[in-house]
Structures are given as structure tokens and as C-alpha cells.
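Peer 1: Predicted model and sequence follow; I will ask about them next.
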Amino acid sequence: MSPTFRSLHVRNYRVYAMGALVSNVGTWMQRVAQDWLILVLTGSGAALGIVTGLQMLPALLFSPLAGVVADRFPKRQVLKVTQLAMALPAAVLGVLAVTGLVEAWHVYVLAFVFGVGTAFDAPARQSFVAEIVGREDLSNAVGLNSASFNTARMIGPAVAGLLIAWLGSGAAATGWVILINALSYLAVLTSLNALDVRRLRPAPAAPERKGAVHEGVRYVRSRPDLVLLLTCVFFVGTFGMNFQMTSALMATEVYGKGAGEYGVLGSILAIGSLTGALLAARRTRPRLRFVALAGVTFGVGEIVAGLMPSYVTFAMVLPLLGLSSLTMITSANGLIQLTSTPEMRGRVAALYLMVFMGGTPLGAPLIGWIGEAFGARWTLIVGGALSAAGIAVATALYARTHHLSARGRISPAVRRLLHRQRLDQEVLVAAD
């Protein structure tokens, strides 16, 4: 089997991945439909940013607790509960939209409720992969998960855009698309029930004691490599990866396009994202400096995208954004999973998701306001500049603090610290 797809030799992973792909397609369909719905109801870029922020806010509020839940309870059972927690608000929003009763405040509230389910789902889902494939295939499985997510990103937005346009482009049209997503969670539930539990490799359950959240934070703070990874993810996730909002504003305000063309932009972006995820899946040893380089490349590419004169040239730049962003995110996720101790993996994954998704409530409204005040192009220019500058400064501080040479070698003092943490080998590979 090709090294890119080696995790598929594990039967449990094949079953799990099929269910996840179906659900991911539904998720991307709802993202497009929900964004289009709020634009239909309000016509406001700021409102679009508020919806995005509200959906991501629970990741900021609840991720540390969700990480403790993932470390303390069987992850397979946690995932069953979270699928229902996400399906219910999607079904309610879909029904409200189809019946014509939906108002903007409904979208705000249900986006937040949906985000609560996502906040508890994500750490369990991220750390559950290690229990399915084991350490030897973990980096590859993380890359394939991202590839699945971005395959769905190619399919979901285009299908959603075409369906919304075919059904009349109104609120009711978006409702039918959202209802499809509500049904898609049945695929994950089915796959979870079909797993061979005898072949899972559950991590030791975290003990029930006070301070579990603080313990996870202290663990990350003691790991300078994890701090740098989380900083890179924060800047890109907060200011750069607001694609649903920025693409919607560019398509409608700058280029005068409709729902169909907006959906196509999401699929074009996903071509680059899928490529980045597959390239990351081939790498058995993710590199810390590779993460930082990909993040800076993304920021510069986003600035270029904001300057594109036409819809076609804008679409041509999107694959670069997808490639660089997913290379960074997938490699960072792989490093975090590989170098974290098993009993801490859920909490570290939760902190990763908190800074990645939880930064959106801060960045999305700001970027949405910039688009409304100065024009859609500035959402990309400012977002890209903040992403590139933030990562560049964080990397420079990391290099200075740890005395990295031009060849990426670590000072003896830091080497001794890593040895005491029993993570010397993994982190030296990551920082090489």
C-alpha cells in the first residue's frame, strides 16, 4: 500500500473514516447554507462574522473541560453523545428555515448550541485516532483525516451552492441543505457501532481529581515546542482562516457573484487543502520549522488573494491558501499527537482546538467589521498580514530563547529539559 494511505490497512480505521467522510460533507454543506442564510436575513458582513464567532465561541469556553472529558471517559462513547448534540440544533435550524419561521437570532443561538457539541466532539475525535491505529500510523492517520475533511470541503460547498441556487436561493433553500447535514451524523454513529472494540488501544483513563484542566495547561507550558505550535495555530485560525466569511464577501461584494459561484470557491480552496493534507500524510516525521514556514507562506498568500482583480484570478490563488494552511494545521496536529503522553493527549488536543477554533470569536467579528468598514479585500489583506507577522515574531522568539543555530540545533540546557520530560527523541526530530 502507498505510504500516503498506509493507515487504511487497519480495518477499524477504514470503517471510521467512511462515516467521518459522509459527516464532513454534511458539515461543509451546512457551513455554506448557514452563511448564506444569515446573508439573506441581514445582508450584513458583520452579522456573518458574529455567527461564525458564536459557533466557535464554545471552543474557547469549553475546550479545556472537553479535554478532561476525553481523557477521563471512553472516547467512543463520548463521540456517540456528541453526534446527537450536533444533529439536534442542525435539525431545528433546518426546520425553522424550511417553514419560513427563521429569524437572525435563531441562527445566532443555534450556531452557539451547535458549537457546544463541536467543542466536546473535537478533542475526543482527535485523540480517538491514536486508539484506532496506534502510534506507528498516527501521523499518517492525522493527515488522512485532514484529507477526508478537505475532500468533503471540495464536495460539500459545491453541492450546497448548487442546491441553494436550484431551490431558489432563499431561506427555505438553505433549510433543506441544513437538514441534510442533520441526517449525516447517522453515518458516524453507524461507523462507531461497527468498530471492533477488541482491536482498539484505549489510553489510560485520567484519574478523577481536581486540577485536571490546570494540569494540562502546566504540561503545555513546560513544552516550548508545543507553545510555538499553538501560537502558530492561533494566528492562522484567528485572523487568517475565516474563508467562509471572506469568500462570501469577495464573491458578492467585489465580484458580484451568487450562491453557486460562492460554493465553487470553497471547492477550489479545498483542492489545495486536500493536496496539503496528503503531503502531510506522507511525512512520517513532521518538522516544527516546517509548520512555521507554511504559516508564513499562508499569510503572504492571503494578502496576494486580497489584491486579485477578478473572480478568476482570485480563484486561482485559493489552492495556494488551502495547501499552505492545511500543511501547517495537519503537521501541527501530528506533532502534538505524537509528542504528547497518552494520558495527556485529550487535554493537549483540547488546548490545540481551543486556540485554533476558539480564536475565531475574537478574529471573525473583527475581520467582518473590517470588511464592512473598509471593503471585502481588506479582510484578506489584514488577516494575512496578522497571520504572517504573528508567526514570524513567535518563531524568532522561540529561536532566540532556545539558542537555535542556523541548522536548527537545540542548546544543551533545553536538551536536558526535554530529556527530563522523556520526550527528547520526538521533540528533537520535530525541531530538527
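Peer 2: Sure thing, it's come through. Numbers count the residues shown, from 1 in each chain.
Peer 1: How about the contacts made by L21?
Peer 2: L21 makes contact with 148, 151-152, according to C-beta atoms under 8 Å, 6 or more residues apart in numbering. Glycine gets a C-beta too; all of them are placed from N, C-alpha and C.
Peer 1: Neighbour-wise, which one of the residues you listed leads?
Peer 2: Neighbour tally across those (other C-beta atoms under 10 Å): the maximum, 24 neighbours, falls on A152.
Peer 1: Quick check: buried residues in the helix or strand containing I38?
Peer 2: Assigned by DSSP states H and E, I38 falls within helix 11-42. If you call a residue buried by 16 or more other C-beta atoms under 10 Å, then helix 11-42 has these buried ones: 12-13, 15-42.
Peer 1: Equivalent analysis for stretch 44-64, please.
Peer 2: Neighbour-count burial for stretch 44-64, counted by 16+ other C-beta under 10 Å, picks out 45-64.
Peer 1: What would it look like as PDB? C-alpha coordinates only.
Peer 2: What follows is stretch 44-64, C-alpha atoms only, in PDB (Å, rounded to 0.1, in the frame of the first residue of the first chain):
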ATOM      1  CA  SER A  44     -24.600  42.200   6.700                       C
ATOM      2  CA  GLY A  45     -20.900  41.100   6.700                       C
ATOM      3  CA  ALA A  46     -20.700  41.900  10.400                       C
ATOM      4  CA  ALA A  47     -23.600  39.600  11.100                       C
ATOM      5  CA  LEU A  48     -21.800  36.900   9.200                       C
ATOM      6  CA  GLY A  49     -18.800  37.400  11.400                       C
ATOM      7  CA  ILE A  50     -21.000  37.200  14.500                       C
ATOM      8  CA  VAL A  51     -22.500  33.900  13.500                       C
ATOM      9  CA  THR A  52     -19.000  32.500  12.800                       C
ATOM     10  CA  GLY A  53     -17.800  33.800  16.100                       C
ATOM     11  CA  LEU A  54     -20.700  32.400  18.100                       C
ATOM     12  CA  GLN A  55     -20.300  29.000  16.600                       C
ATOM     13  CA  MET A  56     -16.600  28.900  17.500                       C
ATOM     14  CA  LEU A  57     -17.000  30.600  21.000                       C
ATOM     15  CA  PRO A  58     -17.800  27.300  22.800                       C
ATOM     16  CA  ALA A  59     -14.400  26.000  21.700                       C
ATOM     17  CA  LEU A  60     -12.800  28.900  23.600                       C
ATOM     18  CA  LEU A  61     -15.100  28.400  26.600                       C
ATOM     19  CA  PHE A  62     -15.400  24.600  27.000                       C
ATOM     20  CA  SER A  63     -12.400  23.100  25.300                       C
ATOM     21  CA  PRO A  64     -10.300  22.600  28.500                       C
END
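Peer 1: Now do the helix or strand where L338 lies, average pLDDT.
Peer 2: For L338, the host element (DSSP H and E) is helix 311-339. Averaging pLDDT along helix 311-339 gives 85.
Peer 1: What of stretch 108-122?
Peer 2: The pLDDT scores in stretch 108-122 average 91.
Peer 1: And for stretch 389-401?
Peer 2: Mean per-residue pLDDT for stretch 389-401: 86.
Peer 1: and if you look at stretch 127-136?
Peer 2: 78.
Peer 1: So for that stretch, what gets flagged as buried?
Peer 2: Judged by neighbour count using 16+ other C-beta under 10 Å, the buried positions of stretch 127-136 are 127-134.
Peer 1: how far out from the middle of the chain is that stretch?
Peer 2: Its chain's average C-alpha position is 19 Å from that of stretch 127-136, according to C-alpha atoms, centre = their mean, to the nearest Å.
Peer 1: same deal with stretch 239-251?
Peer 2: 15 Å.
Peer 1: Can I get that stretch in CSV, CA atoms only?
Peer 2: Output of stretch 239-251 as CSV, limited to C-alpha atoms (Å, rounded to 0.1, in the frame of the first residue of the first chain):
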residue,chain,number,x,y,z
PHE,A,239,-7.1,36.1,11.7
GLY,A,240,-6.5,34.0,8.5
MET,A,241,-8.8,31.1,8.2
ASN,A,242,-12.1,32.9,8.0
PHE,A,243,-12.7,31.5,4.5
GLN,A,244,-16.4,31.2,4.6
MET,A,245,-16.9,34.8,5.5
THR,A,246,-14.1,36.3,3.4
SER,A,247,-15.0,34.2,0.3
ALA,A,248,-18.7,35.1,0.7
LEU,A,249,-17.8,38.8,0.9
MET,A,250,-15.4,38.7,-2.0
ALA,A,251,-17.9,36.8,-4.2
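Peer 1: just to revisit the earlier point, among the contacts of L21, which ones are in helices?
Peer 2: Using DSSP state H, the members of those that fall in helices are 148, 151-152.
Peer 1: A119 is in contact with L61, correct?
Peer 2: Yes - at 7.4 Å, L61 counts as touching A119 under the criterion of C-beta atoms under 8 Å.
Peer 1: same for the helix or strand hosting L366, what does it pack against?
Peer 2: Following DSSP H and E, one finds L366 within helix 360-374. With contacts defined as 3 or more C-beta pairs under 8 Å, 6 or more residues apart in numbering; DSSP states H and E, helix 360-374 has these neighbours: helix 45-72, helix 243-249, helix 377-401.
Peer 1: Quick one: distance of that helix to the chain centre.
Peer 2: In terms of C-alpha atoms, centre = their mean, the centre of helix 360-374 is found 19 Å from the chain centre.
Peer 1: mind listing what's buried in that helix?
Peer 2: By neighbour count with 16+ other C-beta under 10 Å, helix 360-374 contains the buried residues 360-368, 370-372.
Peer 1: would you turn those residues into CSV with distance to S331 and pLDDT?
Peer 2: Shown next, in CSV, are those (distance: C-beta to C-beta, whole Å; pLDDT from 0 to 100):
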residue, distance to S331, pLDDT
T360, 21, 69
P361, 25, 68
L362, 24, 75
G363, 21, 81
A364, 24, 76
P365, 29, 79
L366, 27, 84
I367, 25, 84
G368, 29, 81
I370, 29, 88
G371, 30, 85
E372, 34, 82
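Peer 1: wait, doesn't I50 sit right on P365?
Peer 2: Yes - using C-beta under 8 Å, I50 makes contact with P365 at a distance of 5.8 Å.
Peer 1: Past the helix holding L338, which element shows up next along the chain?
Peer 2: helix 345-357.
Peer 1: by contact count, what packs against that next one?
Peer 2: Counting contacts by 3+ C-beta pairs under 8 Å, 6+ apart, helix 345-357 packs against helix 45-72, helix 104-133, helix 212-221, helix 224-235, helix 311-339.
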